[in-house]
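# Mind folding the following:
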Amino acid sequence: MTGRHNTAALDAHRAGQDAAMAQDGAWPADSPWVREAMAVLPRDRFAPDRLWRWDGRAYEPLDRATDPRGWAEELYGGIHAPAVTRLDTGGLPSSSLSAPAVVADMLDSLLLEPGHRVWDIGAGQGWTTALAAHRAGPRRVVATELDAGLAEFARRRLAAAGVDAEVLTGDATRDGPPGGRPVDRIHAGYAVEAVPWGWVEAVRPGGRIVYPWGRLGHVALTRAEDGRSAAGWVQGLARFMADRTAPAPAPAPAPAGRVAYAAVRGDGEPQTRSPVDRDPAPLADDWHLRFAIRVAVPDAVLLTGRDQDGVNAWIHDGDRSWAALTARGDGTALLFQGGPRPIGDEVLTAWSQWDALGRPSRYDYGITVTPDKQWAWLHTPDGPHWPIGVCSQA
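Next comes the predicted model:
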């Protein structure tokens, strides 16, 4: 494919993404600058020349030089689809360009204005850094990236795009804000289960922190005027790569989740088998239920699949405990469990609790962070609540 034809193909993909975002209602009405920024700074300008595509068994490389069409189709595979840019030594994703719809939603949640000072945590390839800088202005965004190679890649791509933003190499979970100056906004590009208190200290009172919360969901916190806490609401669903240095649960993309379930279960027989008077189908289709389970059993990884009898579910904790809900074709299921904890029972208890609470939506939940504890809550900070493991003090 010639350079001219390649440019035309990318233009078509960019236009297709813009139209798909509009059709899906994914462009934020209160932040029209996001659509403008993505048009000026499209994701292909920040994508590496090799992407990775799941072929049903493993991730296979897609090289721009030898397969520009496949590369572009993977990069623009859908507004809810991330593009995997790196694998770890085990052959599982370790970095990605986030899904455009999620990026737009998180930037909208940031309530970013021109002149704001922004700390972009986890720069990756530099795309969200560039988008934030488009809004905030020159020299208003500083990003940190743990991986020195990725940080250098982001610097080169930002310079090529004419974006005046700084990318530093460092561990934002441990080291705190670059320069030690308070910022107006923090945007995190990797998932943490608990917010490091150093992040709260880094943002001025009244400032916002938008971050992916563990395996599912992203949250916008506002620091209290007295500086002693931060609180805010769940904004939407997001699955991001996990913090590489902290024990936050990994987002577990579907292929990686299946591999992990098989590893946790191993070859042993289940320790218990019991009938369940529930149809597992909502575990696949109801994301409000899935979020409630995420709140109540935060380390549970939940996978689903369908066969002729209905939806089956597989659950594990990433360690030694696992469960399987097998549909029986009559609206009930069999529950098989193994390992030191009954994680299947825990999930079913969380489901029953969600029913008893009136089946709230994910947007009914929020989080409060203080120096010594964090908790998720329903409707108000004083309502039903669930503790969150506190991260180390950054």
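# Which residue ranges of this protein form helices?
3-24, 33-40, 68-75, 100-109, 127-136, 148-160, 172-175, 197-202, 254-265, 282-285, 287-296, 343-356 (DSSP state H).
# Any regions of the stretch 151-300 of the chain where pLDDT drops low?
240-259 (pLDDT under 70).
# try it again with 50
246-253 (pLDDT under 50).
# picking up where we left off before, right, so the helices of the chain: which one is the most enclosed?
Ranked by mean neighbour count, the helices of the chain are led by helix 127-136 with a mean of 26 (mean count of other C-beta atoms under 10 Å). Glycine gets a C-beta too; all of them are placed from N, C-alpha and C.
# For the residue lying closest to Gly176 once chain neighbours are set aside, give its distance to Gly115.
The shortest distance from Gly176 to any non-neighbouring residue, by C-beta to C-beta, 6 or more residues apart in numbering, is to Gly198 (4.4 Å). Applying C-beta to C-beta, to the nearest Å, one obtains 24 Å for the distance of Gly198 from Gly115.
# Let me know how buried the spatially closest residue to Pro387 that is not a sequence neighbour is, in neighbour terms.
Ranked by C-beta to C-beta, 6+ apart and with sequence neighbours excluded, the top spatial neighbour of Pro387 is Trp375, at 5.3 Å. By other C-beta atoms under 10 Å, 15 other residues sit near Trp375.
# Please apply the same query to Ala327.
Ala327 has 23 nearby residues by other C-beta under 10 Å.
# who's it bridged to?
For Ala327, the beta-bridge partners are Ala333 (DSSP bridges).
# does it really touch Thr304, like I thought?
No - using C-beta atoms under 8 Å, Ala327 makes no contact with Thr304, being 10.2 Å away.
# sorry, back to before: just send the helices of the chain back as TSV, with distance to Ile121 too.
Converted to TSV, the helices of the chain look like this (distance: least, C-beta to C-beta, whole Å):
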stretch	distance to Ile121
helix 3-24	25
helix 33-40	19
helix 68-75	24
helix 100-109	12
helix 127-136	10
helix 148-160	12
helix 172-175	4
helix 197-202	8
helix 254-265	23
helix 282-285	32
helix 287-296	22
helix 343-356	30
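# Minimum distance to Ile186: which of the ones you listed has it?
Ile186 lies closest, by C-beta to C-beta, to one member of those: helix 197-202, at 5.8 Å.
# which helices and strands does that closest one pack with?
Helix 197-202 sits against strand 183-188, strand 203-212, with contacts defined as 3 or more C-beta pairs under 8 Å, 6 or more residues apart in numbering; DSSP states H and E.
# Point out the most buried one among these.
Among these, ranked by average contacts under mean count of other C-beta under 10 Å, first place goes to strand 183-188 (a mean of 24).
# Listing partners with orientation, what would you give for that strand?
Strand 183-188 is paired, per DSSP bridges, with strand 118-121 (parallel), strand 203-212 (parallel).
# so which of the ones you listed comes closest to Gly56?
Taking the strands paired with strand 183-188 one by one with C-beta to C-beta, strand 203-212 is closest: 26.7 Å.
# quick one: contacts of the closest one?
106, 109-111, 119, 121, 182-192, 195, 199-200, 218-227, 230, 232, 235, 238-240, 251 (C-beta atoms under 8 Å, 6 or more residues apart in numbering).
# which of those are buried?
Neighbour-count burial (16 or more other C-beta atoms under 10 Å) applied to the contacts of strand 203-212 gives 106, 109-111, 119, 121, 182-192, 195, 199-200, 218-224, 230, 232, 235, 238-240, 251.
# Distance check, the spatially closest residue to His116 that is not a sequence neighbour against Ile121.
For His116, ignoring the flanking residues on the chain, the nearest one in space by C-beta to C-beta, 6+ apart is Asp184 at 4.0 Å. As judged by C-beta to C-beta, Asp184 and Ile121 stand 14 Å apart.
# what's the span of stretch 265-284 from first residue to last?
End-to-end distance of stretch 265-284 (C-alpha to C-alpha, to the nearest Å): 21 Å.
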